[in-house]
Structure formats: C-alpha cells, structure tokens
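S.K.: Any chance you can model this:
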Amino acid sequence: MNQNSASQPGVNAIPTFAWVILASLGAIDFVRGFLHTFMVEHSAQKIAGMNLEQAAGNQLMLLGAFGISNFLTGAIYLAVAFQARQLVPPVLAIIPLSYLLGFIGLRLNQVHPEAAFPGRYFMLSYAIVCAATWALCLIWQRRRCTSEA
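M.R.: Here you go, the predicted model:
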C-alpha cells in the first residue's frame, strides 16, 4: 500500500523527505548498535573517551545495553518509514522529546560525564534533525491542506 498516495481517503500524505530521514536514522541506529555492542571496547575508549581502568565491565555492559536499544530503535524507525508512514511525524517528535526527558532526568540526579563524551554532539545533532524534520513535515502538511482546500 502506498502511504503517500493522495487517493487514500483520510490519510494525510507524508512528505518523502520525512520518511527518508527517519529511515536514514534507522540505518544510523543499526551502525550505532553495532559499534556499541560488537565493538564495545573500541567505542568506549576511542569514541566515548571512557577510562576503563575502573569498573570496566560495568561501563562496557551499560554501553552494550545502549547498543541493544540502538538495534531496537533502528528496526522500529525502518518499520515505521516503510510500513506505517502516517506515524513518521509523531515518531520524529517523540525522539527529541525523549532525549530532553533523559537529559532532565540525568540533571535532576546530578549525573555529569567524566569522559570527554564527544557522542553528545552527535546526539544533539540527531535530536535537532528530528525536530527540524518534524517541523518541516507539519509545515508541508499544512501547505498541502491549504492548497487542496
């Protein structure tokens, strides 16, 4: 079923750029999952800048668990992008809101990274791309509805 078809009554078309970006984020999450799970030590030291001299097993386990969640989000984003396109806008909105909620929770618990944690810039960019794509999608849909009226 073509979810972009204007002939489907009651279904707002989703702009191609929105579902392509969500699918791309899904592919990126699979790469992140691979790095966090199968290259966990390399990712911890070379990408995250973690010091594994103390509690290395715990740190690597948590990073690996994050990788598992990356596989999950990657699969969900791809499924939504290709099978449930009407969910693309809400999913794009949920992603940065979830990052914000996590940030607030960490701050409330006074958790501050000790490592350089350069991944935070990637995560911030990721959230901004989602928020911007969601906003552009809403603008596109409103213009489309206005032009059809």
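S.K.: Okay, Tyr77 and Asn70: tell me how far apart.
M.R.: Computed as C-beta to C-beta, to the nearest Å, the Tyr77 to Asn70 distance reads 10 Å. No exception for glycine: its C-beta is placed from N, CA and C like everyone else's.
S.K.: So between the two, which is more surrounded?
M.R.: Between Tyr77 and Asn70, counting by other C-beta atoms under 10 Å, Tyr77 is the more crowded of the two (25 against 21).
S.K.: which SSE is the more buried one in?
M.R.: For Tyr77, the host element (DSSP states H and E) is helix 56-83.
S.K.: again with Phe34
M.R.: Going by DSSP H and E, Phe34 is part of helix 16-38.
S.K.: That helix vs helix 56-83, what angle?
M.R.: On the basis of axes from the mean of the first three to the mean of the last three C-alpha atoms, to 10 degrees, helix 16-38 is oriented at 150 degrees to helix 56-83.
S.K.: List of residues touching helix 16-38?
M.R.: 4, 42-43, 47, 63-64, 66-71, 73-78, 80-82, 85, 88-89, 91-92, 95, 126, 129-130, 133-134, 136-137, 140 (C-beta atoms under 8 Å, 6 or more residues apart in numbering).
S.K.: returning to what we had before: buried residues in the helix holding Tyr77?
M.R.: 59-60, 63-64, 66-67, 70-71, 73-74, 76-78, 80-81 (16 or more other C-beta atoms under 10 Å).
S.K.: Now do the same contact list for Pro15.
M.R.: 136-137, 140-141.
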